[in-house]
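K.L.:
Here's my sequence, what's the structure:
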Amino acid sequence: MINPLGIPFALLLQAAGAGGSALSPFMFEFVLIVAIIYFIMWRPQQKQRKQHEDSLKALKRGDEIVTAGGVVGEVVHIREVSKDGGGNRLDDRVTIKSGESRLIVERGRIARIIGTTAVTPATNTPPA
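P.N.:
Sure thing, here's the model as predicted:
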């Protein structure tokens with residue numbers, strides 16, 4: 001069986017024998033392992049987190065959401081609490097309606113946005 005790392009490793013060993021450092025093969029393996037971990041684990045997580053934050057920043061009234069605790073509700077109101085002009089909008093307070101209850105949650109605690117519901121204008125007529 002041919003080791004896929006065998007050829008570059010053999011070339012580095014030849015370079016080490018020709019006057020190169022004995023640590024070169026180990027450094028090459030270490031850099032290769034770090035690169036593999038970065039592209040397989042960190043990069044997709046960062047990309048997914050960025051997409052989630054972008055969707056939370058685009059949250060609007062009428063969106064149906066699920067909180068990190070599993071509460072499903074509809075966004076009724078968003079109150080911005082950040083004083084820095086929108087730098088950290090994940091601390092904003094979002095009022096949601098879930099069943100007959102209203103809850104206030106932080107924008108950053110919303111796990112996902114299910115979809116958009118039709119926004120009905122507020123009326124003062126009691127339900128029939």
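
K.L.:
all contacts plus neighbour counts: C-alpha atoms, from now on.
P.N.:
OK.

K.L.:
pretty sure residue 50 is in a helix, no?
P.N.:
Yes. Residue 50 forms part of a helix when assessed by DSSP: H, G, I helix; E, B strand; the rest coil.

K.L.:
right, and the helix or strand after the lowest-mean-pLDDT helix or strand in the chain?
P.N.:
Lowest on mean pLDDT, DSSP states H and E among the helices and strands of the chain sits helix 6-17, with a mean of 58. Per DSSP states H and E, helix 6-17 leads on to helix 24-37 as the next helix or strand towards the C-terminus.

K.L.:
From the contact counts, what lies against that following helix?
P.N.:
helix 6-17 (3 or more C-alpha pairs under 8 Å, 6 or more residues apart in numbering; DSSP states H and E).

K.L.:
Any idea how far apart the tips of stretch 98-108 sit?
P.N.:
Chord length of stretch 98-108, first to last residue, is 18 Å (C-alpha to C-alpha, to the nearest Å).

K.L.:
Give me the residues contacting the helix or strand containing residue 65.
P.N.:
For residue 65, the enclosing helix or strand under DSSP H and E is strand 63-67. Strand 63-67 has contacts (C-alpha atoms under 8 Å, 6 or more residues apart in numbering) with 72-75, 109-117.

K.L.:
for the helix or strand just after that strand, packing partners?
P.N.:
Per DSSP H and E, the first helix or strand lying C-terminal to strand 63-67 is strand 72-79. In terms of contacts (3+ C-alpha pairs under 8 Å, 6+ apart), strand 72-79 is packed against strand 63-67, strand 93-98.
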